[in-house]
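Peer 1: Just need the structure, nothing else, for what follows:
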Amino acid sequence: MSHLAGRSFARGRWLTITVCAGLLAASALYERATGPGGGPILCPFRLATGLPCPGCGMTRGFCAMARGDLPAAVSWNPLSLPLFGLVLAVLIVAAVDLVRGRPSVRCDPVWAAWLAGGGALAAWSVHLVRVVCWGWRG
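Peer 2: The predicted structure follows:
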């Protein structure tokens with residue numbers, strides 16, 4: 001790996017580590033500032049329409065995951081559990097890559113697009129099941 005490519009690689013890994021660690025730290029600190037389940041509504045879609053989006057409850061779900069409360073996280077948004085795990089895994093992989101000085105996982109853009117599309121489909125599916133089966137009690 002050339003000197004410039006190595007610096008770019010390290011900079012990208014540090015950025016990934018910073019973003020992931022920031023998300024996890026914010027999850028742990030947000031609830032301390034607002035109280036469990038408290039705080040303002042952050043979803044622009046819900047603020048505009050009064051209806052939930054597939055991501056509604058994700059912030060509170062992440063906060064519950066940060067304190068280790070899995071049942072509460074799933075009740076806020078079932079997708080908060082796998083997404084929290086993904087953020088944690090990306091943080092660990094980026095740190096390992098930085099220490100090793102080379103990527104441990106190669107990501108094909110087509111595969112990543114299919115994965116993102118599948119994740120979006122899963123989010124909407126879970127959202128529809130939640131709204132249809134349990135109703136929206138805004």
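
Peer 1: Check this protein and tell me which residue is nearest its centre.
Peer 2: Nearest to the mean C-alpha position of the chain, by C-alpha atoms, centre = their mean, lies Leu83 at 4.4 Å.

Peer 1: Now that Val131 has come up, it's in contact with Cys53, right?
Peer 2: No: assessed by C-beta atoms under 8 Å, Val131 is found out of contact with Cys53, at 10.5 Å. Placement of C-beta: from N, CA and C, glycine included.

Peer 1: related to what we said a few turns ago, once you drop chain neighbours, what's closest to the residue nearest to the centre of the chain?
Peer 2: Among residues not flanking Leu83 along the chain, Met58 sits closest, at 7.1 Å (C-beta to C-beta, 6 or more residues apart in numbering).

Peer 1: And Val74, by the same measure?
Peer 2: The shortest distance from Val74 to any non-neighbouring residue, by C-beta to C-beta, 6+ apart, is to Leu81 (5.9 Å).

Peer 1: one step back: list the contacts for the residue nearest to Leu83?
Peer 2: Each residue near Met58 by C-beta atoms under 8 Å, 6 or more residues apart in numbering is listed here: Trp76, Asn77, Leu79, Ser80, Leu83.

Peer 1: Of the residues you listed, just say which sits nearest to Thr49.
Peer 2: Ranked by distance to Thr49 (C-beta to C-beta), the contacts of Met58 are led by Asn77 at 17.6 Å.

Peer 1: Tell me, how many residues neighbour the closest residue to the closest one other than its chain neighbours?
Peer 2: Excluding the flanking residues, the one nearest Asn77 by C-beta to C-beta, 6+ apart is Gly57, at 3.6 Å. Neighbourhood size, Gly57 [other C-beta atoms under 10 Å]: 24.

Peer 1: can you tell me the helix or strand for Phe62?
Peer 2: Assigned by DSSP states H and E, Phe62 belongs to helix 58-66.
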